[in-house]
Structure formats: C-alpha cells, structure tokens
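Novice: Return atomic coordinates for the entry below.
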Amino acid sequence: MTDSRNSRIFRADGITAPLQHVTFRRIWIASVLANLGALIRSVGAAWAMTQMTSSADKVALVQTALLLPVMLISMPAGAIADMYDRRVVALISVAISFAGATALTTLAWVGLVTPNMLLALCFVVGSGMALMDPASQSSVSEQVPLKTLPAAIALNSISYNIARSVGPAIGGILVATAGAATSFAVNALLYLPLMLALFLWKRIPEPAHLPPETLNRAIVTGIRYIVNSPSIKVVLGRSMVTGVIGGGIVALMPLVARDLLQGGAQTYGTMLSAFGLGAVIGALNITQVRKRLSGEAAIRACALSMGGAITAVALSREPMLTAIALFLAGAVWMIAWALFNIGVQLSAPRWVAGRALAAYQAAGSGGIAVGSWVWGSLADATGVQTALLMSAGLMLASPLLGFWLRIPRVSTREEDAEMLADPEVRVALSARSGPLVVEIEYRIASEDARAFHNVMQDVQLFRQRSGAYGWSIARDVADPELWTERYHCPTWLDYLRQRNRSTKSERALDETAAAFHIGPQPMRVRRMLERPFGSVRRREDERERAAKDVMPRSGTAWS
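Specialist: Now for the predicted structure:
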C-alpha cells in the first residue's frame, strides 16, 4: 500500500497519522511484536523466580534487573545515538537482547537457571533495550513529519501497551502449560521481525559539517545541555519521583496475584493484561488530554487517580475489582509517562535529542528500578498490602511537587536555526587548538542596562546548553555603556559546533540582545586562544601549518 493510499485511511490530525509513513509503520508493527515477546519473557522470569525462591526481594529484583541498565548506560547510549547512524545502533542493540534471550532459553531448557543467573541474563536483555531506546525514539522525527511527532511518540508508547494488554495473559498461559523456557524462546524469536524492519529502513544520513564528537565529550555536552535546560530538569525530576513511588505496583504484581488474590501464573498474566489494556486506552486519549489540560494539571490528575487505584489493589481480594483498579492505574500511568516523554522530545533540538531522551529514560527507569527494590524490601518486612498502601499515600501527596517543579507548557519542537558562516581565521588552527575564549562587546544605553542584563541571563543558559563554559557578563566602570560578554569553549572544534547548535528561538534571543547595541560601530567579537598550543611552532625549524589545516576544511562533509 502506497503512502498516498494510506493518507486516505489515516486521519491527518489523529493519532494514527504517523502510520501512513511506511518506515514508521513497519518498525512500529515490529516493535509491537518485540514488546509482546519481552512481556511474555517478563512473566516467565517473574514467575520462575517465585518458584525458585519465596523472597519478595528476589521477585522484585527481576524488574530491577530489566530496568537498571537504563539508568546505568542511558547517557552513553544517548551519546552514541547522537554520534552514529541510529539505524545501525538500534540493530546492534536488538542483537544484544536477542543473544541474551537465546542464552536464557538454552539454560532454562537444560535446567541450569539459578536466581542469580536469571537476574544476570535479564540484565543483559535489558542492556540491549537500554542501548536501543535513545536511538529508536530519537529517530522517530526522521521517520515522520514534525507535525505528527507527538502522535508518533504516543503510538510508540501504545505499541508497548498493546503488547502489555495481551502479552502477560499469553505469557501466563505459556508458563502454566509449557514452562518458563517456552516464554524465553518466544521472546527471542519475536526480536527477529524488528531486526528485519530496521535492516529494511533505508535511512539517508545527513552529511555533517564537522566530525563527530568523542564519546566522553558527547556525554559531557549532553549533561551540560540538560543542566542548563530548566524545562527538561523539571520533567526529569518529576518522572524520577513518579517512577520511585509508582514502581511498587509493577514490581509487586506477582505477589498481588499470589498472596492477595491467591492465584497462579494465569491470574498474574490477567492482572498485567488489565494494566496494559488500561495503558492502551490512556495512550489513545493523549491528544485529547493535551488539548483539555495543561501538562501540570494532567500530571496531578494522573497522580491522584493512580494513588486511588493502588489503594484499591491493596485492599481488594476479588480478582475482578483488582483488574478494574489496575485498568485505571494503567491508563493514568501511561498518560503520565507519555506526557513526560513528549515534554522531553519537544524541548530538545535534534542534535542532542538522543542524550535528552537517555536522561529521561535513566530518570524514569532508574526511579522504577530503585522503587522496585525499595517496595520489595518493604513488602518483605511489612507485607504486600502495607507496602502498596504506603506507595498509594505517597502518590496521592506527589502533586504537591507541582508548586516547586511545575511541568512547562511545550506545544512543538524547536526548529534548528540556519548555519552561520565560518568565522574569519588568520592563524592556522587544528581541531584540538584551545581553549578558545570568545568576547563580545556591546554598547548599551544606560536606561536599557537592566533590561539588557535580564536578556543576557537567558543568553547565558543557551550558550552553556550548546557547549560553552565559564560564561560571564561585565560592565566597564570607566565607560558604563560598554558591556563585555565572555565565555570559553574547550577547543576550536567545540567552538565551531557550539555556534551552530542554536534553535530558532535561541538565535532570536541572541538577536534581541544584539538589538540593544547602540552607536555607529557594530558589536566587536574577539576569538582568542587562551593557551595558544597548536597555533605557533614549538621549534624554530618546524614548518608552519598551511591554511588547509584550519578547521573546518572548505568543501569537507562528515557523515
């Protein structure tokens, strides 16, 4: 079916709009199957652990083993996603998870799985997915137009929860009738369609003006961007708190089925399916929620609803009532996480999208992983019901965080500004020449001093987000109209990257600051090597660098 025929099927303004694009549709369907397999394996792993040990702590650690890799390797994974071909990164990541699932299947069939071995292999599978997620999610904007990006993000969330609505029930039946090893085998097989879909994606990489960053530098740059992005920091903080508090309901669900409902693997699968079905319904209504409520109001409503649902699960002894409560919990849980995800993706420009998403995943999944361990330990000490009631109480109180960490309104992703012309250089420079000091002189009327200073506080944030450090603004005591902005970049190559990482709104802010400048002369910009290593000859007889050694080299593109 061609894209033109698909466009008549999928509403242009609806949540299904991204499915008219072949690449996205193919990968999305394969992701549903991969998620289905992962959830079937999760049921098998969690139930196998309950059969090998009676410790609630060990059972909860299964969830931790699957999610802890996200917290540990998310930032390197995000940097790798931004540095290299995201399609190749995703392919390698799925291969790692496939290898882990295959090893788990083999060991389970020969009866060599122990609790620690189960946790270790779950960690391997989780590591593959942790490496894949930033590359997969940040590449969505390459598969669909910008206007359908929020819908595509919601659809990605739905893909997991469509699988969760049926996967746990299938997993419960498989585990009950054929054993945990069968669930592990199904998981391994269902990674293959995703590998094929990624292989068929004919991604056209955009030629880069500059060579890629090193991994360490990319991680540092990503962290610097997040530290200087107030909106992203708020989302990360709220998502971590939500994960820690709400992680108990997910981690303790096997014990809810076994201890509170007196059921078996099928009961556990049914409860997970109820949670997953609710999540699908919640994700389908993301567009309406975003239209009717601000981000903060929606997150508060989700937290209050989640707290009530967890309370019902803790007090119920009837499978039907528990399933209804879990359905509600799944719906609001999905809405909250989709809103967090959309907030991060729309707040980060493309050059750092993978790292921003990695930080979000580390915060959310790390919170769930830590919460799973905390609530598992608490359930061991006080019982499942008490642990759930405490989780519910904290969830009901969590909207109070909105008074300090209010979710910002973000309607669309910032577009990248046009590239600036290369600066004039008369000293032969290499990529590593530096540190570089940039000074910009403004002449500001005295009556505009306060307004200019306020604008420059925002300029400081976006300079630092894009890679600058040591920023300052100074006013000449002998000539009060003269102001000097000063900042550093580690190397000449870092400066070339920094000056072309602005979004359109950041470039407009720079122009607003420049508009305060008065006088007949233009603003003066100085670019200086603080320690001129690489710009002078170290020995008298050493050849001077030629002009071609200056970065960037004219006509060179890096892919």
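Novice: Can you give the contact residues for the helix or strand containing L194?
Specialist: For L194, the host element (DSSP states H and E) is helix 192-200. Identification of contacts with helix 192-200 by Cβ atoms under 8 Å, 6 or more residues apart in numbering yields 26-27, 29-31, 33-34, 87, 90-91, 94-95, 98. Where C-beta positions appear, they are placed from N, C-alpha and C, glycine not excepted.
Novice: Hmm, A312 is touching A323, no?
Specialist: No - counting by Cβ atoms under 8 Å, A312 stays clear of A323, with 10.5 Å between them.
Novice: Between these two, which has more neighbouring residues?
Specialist: Each of A312 and A323 has its neighbours counted (other Cβ atoms under 10 Å); A323 has more, 20 against 17.
Novice: That one - that's part of a strand, no?
Specialist: No - counting by DSSP: H, G, I helix; E, B strand; the rest coil, A323 is not part of a strand but helix.
Novice: I'd say A257 and S273 touch.
Specialist: No - shown here, A257 and S273 do not form a contact pair, counting by Cβ under 8 Å, at 11.6 Å.
Novice: Can you check which residues contact both of the two?
Specialist: Counting by Cβ under 8 Å, 6+ apart, A257 and S273 have no shared contacts at all.
Novice: could you show me where the helices are in the stretch 51-200 of the chain, in order?
Specialist: Secondary structure of the stretch 51-200 of the chain (DSSP state H, counting those that start in this stretch): helices at 56-83, 86-109, 115-138, 140-143, 149-178, 180-189, 192-200.
Novice: Figure out which of these is closest to A251.
Specialist: Comparing these by their distance to A251 (Cβ to Cβ), the top pick is helix 56-83, with 4.4 Å.
Novice: Now do the closest one: which elements does it pack against?
Specialist: helix 22-52, helix 115-138, helix 215-227, helix 230-251, helix 253-255, helix 353-382 (3 or more Cβ pairs under 8 Å, 6 or more residues apart in numbering; DSSP states H and E).
Novice: where's T106 relative to L121, distance?
Specialist: Using Cβ to Cβ, to the nearest Å, T106 is found at 10 Å from L121.
Novice: more neighbours, those two?
Specialist: For T106 versus L121, the count of surrounding residues by other Cβ under 10 Å is larger for L121: 24 against 15.
Novice: How about that one, nearest residue that isn't a chain neighbour?
Specialist: L104 (4.3 Å; Cβ to Cβ, 6 or more residues apart in numbering).
Novice: Identify the residues contacting the one you found.
Specialist: If you count contacts by Cβ under 8 Å, 6+ apart, L104 has them with R41, A45, V113, L118, L121, C122, V125, F184.
Novice: where's the dip in pLDDT among these?
Specialist: For the contacts of L104, the weakest pLDDT value sits at V113, with 81.
Novice: ok so V525 is a strand residue?
Specialist: Yes - according to three-state DSSP, V525 belongs to a strand.
Novice: start at 11 instead
Specialist: Fine by me, first position is 11 from now on; the one you just mentioned is V535.
Novice: how many other residues sit next to it?
Specialist: Neighbours around V535, by other Cβ under 10 Å: 12.
Novice: all helices for the stretch 461-569 of the chain, in order.
Specialist: 502-508, 514-525.
Novice: Could you say which of these is packed most deeply?
Specialist: For these, the largest average neighbour count (mean count of other Cβ atoms under 10 Å) is found in helix 502-508, namely a mean of 23.
Novice: My read is that L356 contacts K157, right?
Specialist: No - in this structure, L356 is not within contact of K157 by Cβ under 8 Å, at 12.0 Å.
Novice: Which of these two has more residues huddled nearby?
Specialist: L356 (18 against 11).
Novice: any idea which element the more buried one lies in?
Specialist: Using DSSP H and E, L356 falls in helix 329-357.
Novice: could you say what helices and strands that helix packs with?
Specialist: Looks like helix 329-357 contacts helix 125-148, helix 159-188, helix 240-261, helix 275-294, helix 296-302, helix 305-325, helix 363-392 (3+ Cβ pairs under 8 Å, 6+ apart).
Novice: E451 looks like it's in a strand, true?
Specialist: Yes - assessed by three-state DSSP, E451 belongs to a strand.
Novice: Would you confirm that it contacts E491?
Specialist: No - applying Cβ under 8 Å as the test, E451 and E491 come out as separate, 10.5 Å apart.
Novice: Next, the contact list for G403, please.
Specialist: Counting by Cβ under 8 Å, 6+ apart, G403 touches G317.
Novice: On the three-state scheme, it is what?
Specialist: helix.
Novice: so who does the residue positioned nearest the centre of the chain touch?
Specialist: Nearest residue to the geometric centre of the chain (Cα atoms, centre = their mean): L367, 2.0 Å. L367 is in contact with G88, A91, D143, P144, Q147, S148, N351, V354, Q355, A358, counting by Cβ under 8 Å, 6+ apart.
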